[in-house]
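*Asks:* what follows is a predicted structure for the sequence shown.
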Protein chains: 2
Amino acid sequence: MGASQVKSGSAEPRAQSQDSRDEILKAAMHLFANRGFHETSMSEVAREARVSKALIFWHFKTKEELFVAVLNRLLEPYFIDFAEEAAAMDERAQIQKLVEFYLLFVRDNASSVRFFLAQMLHDQHLSESLNDQVLKLYSGYRAMLIELIASAQRKGICTRNAAPEAAAGFLLSALNGLLIEYLFMGANAVDPEGAVAMVNEWLFGDASAPPSASSEHQGGSSAA
Amino acid sequence: MGASQVKSGSAEPRAQSQDSRDEILKAAMHLFANRGFHETSMSEVAREARVSKALIFWHFKTKEELFVAVLNRLLEPYFIDFAEEAAAMDERAQIQKLVEFYLLFVRDNASSVRFFLAQMLHDQHLSESLNDQVLKLYSGYRAMLIELIASAQRKGICTRNAAPEAAAGFLLSALNGLLIEYLFMGANAVDPEGAVAMVNEWLFGDASAPPSASSEHQGGSSAA
DNA sequence: TTGGCGATTGACCGAATGGTTAGCGGCGGC
DNA sequence: GCCGCCGCTAACCATTCGGTCAATCGCCAA
């Protein structure tokens, strides 16, 4: 370790404050997410960010402050705009899309999902802001589902006549069940298409499998 | 706390080794479950058990050993014998009983369930034995479900004709979803009777509400 | 009485931990 | 030239951690 401190380096030096702050955040993100809060030491973060420990405390007053910064950073990809890509679809397609999106997102962000879940289960006091944001996210998703189901029922598309709230609640429970199954059993246990088909059958009394051709896949936001 | 150290006490003194060992285990159980492994120090355990820290290390070689002892102790109530009380029922009643039992158990042991879940999500290496045991428990439960569903299908009780494994898997996912909903939302969000009714409808094509208990959901009227 | 043994303890240890501080290089403004 | 500030660091600090150790206490057998 140590050694090779750049002196007259040309373009390498991560200089402008913001740069080092980012490096720290990235390192902390990685470590916190993989080891957790208490098991990650500031010295480790410093080492991984190739920065002195003191600099971390110059950027962030306390370890907790760094932690919530990391939380917010990790939460960013969770806030996406669903409305845009669902504008022209009918309710049924939108619901399918919503379900599929949920599962694909979980699959693509399994590690951070696992981290958030563990964090919220464990010390909810440390992550109150996390709790709030996740709750907001969750109830937003639920509200969309309720709205869509109600609308589908109004149009007669949906054969299930349960209260939209109850149906949405059950659907969400099923999705959460798949989520934890995925977190523990791994990819082989969860397949989004199967789940979508299940939803189809349950909600629309339909058992046809969606076409294997175009349509689904390709989430709009960022990496895949 | 403190004070009143018995000297010539009559029946009180926690004496015979096993006694102190138990006191330690109880304290550790409480602390580990509420704060977690890394956030609980041996000194805390010692203080809560009113015992010297060294004595803990006399009973348990390391902190990890104490921890797995606590894990096993906390796991005890999870191993129960279901067969006895389901002997005389038909498959449908058994499945209902199984589902109800799952949910009631979660409700009654929420804190340890939460602890186990968080623990397994977080550092799975520390609790490999836990992972194994929970997995065994889980697949046992799943096997019972599969068996029951298959049997019910054979007898023509079950209207759903999906593969028993798939049906059981979906059922388990739903249960897990309810579990995490309960862990986060609290009691008001989960009602076992409603869930049993939902299973009835889904698995047996039946919509009758057993007793006169719970409120709305699935009113049975067909109009939109 | 004595001696041995299981149970129990206070004092101690080195290695971390989160956090602080004094200071250093370099750069823009005067 | 030099002053002040920003970004940054090595060294340091108090505290706590898991774990050890020598010494004791109580009790039962010889």
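*Replies:* Looks like it arrived, so ask away.
*Asks:* ok, stretch A:109-129 near DNA strand C or not?
*Replies:* No. Judged by Cβ under 7 Å from any atom of the strand, stretch A:109-129 makes no contact with DNA strand C; its nearest approach is 12.4 Å. Yep, even glycine has a C-beta here, placed from its N, CA and C like the rest.
*Asks:* and the lowest-mean-pLDDT helix or strand in chain A, C-alpha only, in PDB?
*Replies:* Within chain A, confidence by mean pLDDT, DSSP states H and E is lowest for helix A:192-204 among all helices and strands, at a mean of 81. C-alpha atoms of helix A:192-204 as PDB (Å, rounded to 0.1, in the frame of the first residue of the first chain):
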ATOM      1  CA  PRO A 192     -40.800 -12.400 -14.500                       C
ATOM      2  CA  GLU A 193     -42.700 -13.800 -17.400                       C
ATOM      3  CA  GLY A 194     -44.200 -16.500 -15.400                       C
ATOM      4  CA  ALA A 195     -45.200 -14.000 -12.800                       C
ATOM      5  CA  VAL A 196     -46.800 -11.800 -15.400                       C
ATOM      6  CA  ALA A 197     -48.700 -14.700 -16.700                       C
ATOM      7  CA  MET A 198     -49.900 -15.500 -13.200                       C
ATOM      8  CA  VAL A 199     -51.100 -12.000 -12.700                       C
ATOM      9  CA  ASN A 200     -52.900 -12.200 -16.100                       C
ATOM     10  CA  GLU A 201     -54.700 -15.300 -15.000                       C
ATOM     11  CA  TRP A 202     -55.500 -14.100 -11.600                       C
ATOM     12  CA  LEU A 203     -56.600 -10.600 -12.500                       C
ATOM     13  CA  PHE A 204     -58.000 -11.000 -16.000                       C
END
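*Asks:* report pLDDT for the spatially closest residue to A:Lys63 that is not a sequence neighbour.
*Replies:* Excluding the flanking residues, the one nearest A:Lys63 by Cβ to Cβ, 6 or more residues apart in numbering or on different chains is A:Met42, at 6.0 Å. Looking at A:Met42, its pLDDT stands at 97.
*Asks:* surely A:Met42 is in contact with A:Val51?
*Replies:* No. Counting by Cβ atoms under 8 Å, A:Met42 does not reach A:Val51; the two are 10.6 Å apart.
*Asks:* quick one on the thing from earlier: contact partners for the residue nearest to A:Lys63?
*Replies:* Listed by Cβ atoms under 8 Å, 6 or more residues apart in numbering or on different chains, the contact partners of A:Met42 are A:53, A:56-57, A:63, A:66.
*Asks:* then A:Cys158?
*Replies:* Counted by Cβ under 8 Å, 6+ apart, A:Cys158 has contacts A:91-92, A:149, A:152, A:203-204.
*Asks:* now with 7 Å?
*Replies:* A:149, A:152, A:203-204 (Cβ atoms under 7 Å, 6 or more residues apart in numbering or on different chains).
*Asks:* for it, which three-state class applies?
*Replies:* coil (DSSP: H, G, I helix; E, B strand; the rest coil).
*Asks:* relative to DNA strand D, how far out is it?
*Replies:* 54 Å (Cβ to the nearest atom of the strand, to the nearest Å).
*Asks:* got the phi/psi numbers for that residue?
*Replies:* The phi and psi values for A:Cys158, taken as degrees, to the nearest 10, are phi -90, psi 120.
*Asks:* contact residues of chain A facing chain B?
*Replies:* Within chain A, the positions lying close to chain B (Cβ under 7 Å from any Cβ of the partner chain) are A:36, A:38-39, A:114, A:117-118, A:121-122, A:153-154, A:156, A:161-163, A:166, A:170, A:173-178, A:180-181, A:183, A:198.
*Asks:* go again using 6 Å as the cut-off
*Replies:* Neighbours of chain B within chain A, by Cβ under 6 Å from any Cβ of the partner chain: A:36, A:38-39, A:114, A:117-118, A:121-122, A:153, A:156, A:162, A:166, A:173-174, A:176-178, A:180-181.
*Asks:* tell me the helices in chain A, going along the chain?
*Replies:* All helices of chain A, identified by DSSP state H, fall at A:18-35, A:42-48, A:53-59, A:63-75, A:91-108, A:110-122, A:128-155, A:164-185, A:192-204.
*Asks:* in TSV: those helices, plus distance to DNA strand D.
*Replies:* Shown next, in TSV, are these (distance: least, Cβ to the nearest atom of the strand, whole Å):
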stretch	distance to DNA strand D
helix A:18-35	3
helix A:42-48	8
helix A:53-59	3
helix A:63-75	14
helix A:91-108	32
helix A:110-122	16
helix A:128-155	23
helix A:164-185	27
helix A:192-204	42
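*Asks:* which residues of chain A lie near DNA strand C?
*Replies:* Going by Cβ under 7 Å from any atom of the strand, the residues of chain A near DNA strand C are A:7, A:40-44, A:53-54, A:57, A:61-64.
*Asks:* what's the ChimeraX syntax to select whichever of the residues you listed are buried?
*Replies:* Selection of buried members from the residues of chain A next to DNA strand C for ChimeraX, criterion 16 or more other Cβ atoms under 10 Å in any protein chain shown:
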select /A:40,42,63
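*Asks:* of the residues of chain A next to DNA strand C, which is the nearest to B:Asp81?
*Replies:* A:Thr40 (42.6 Å; Cβ to Cβ).
*Asks:* quick one, phi psi at that closest one?
*Replies:* According to degrees, to the nearest 10, A:Thr40 has phi -110, psi 120.
*Asks:* so what's it up against?
*Replies:* A:31-32 (Cβ atoms under 6 Å, 6 or more residues apart in numbering or on different chains).
*Asks:* of the contacts of A:Cys158, buried ones?
*Replies:* A:149, A:152, A:203-204.
*Asks:* if we ignore the residues flanking it in sequence, what's nearest the residue sitting nearest the centre point of chain A?
*Replies:* Closest to where the C-alpha atoms of chain A average out (Cα atoms, centre = their mean) is A:Tyr78, at 4.5 Å. Leaving out its chain neighbours, the residue that sits closest to A:Tyr78 by Cβ to Cβ, 6+ apart is A:Leu137, at 5.9 Å.
*Asks:* please consider this matter closed, and thank you.
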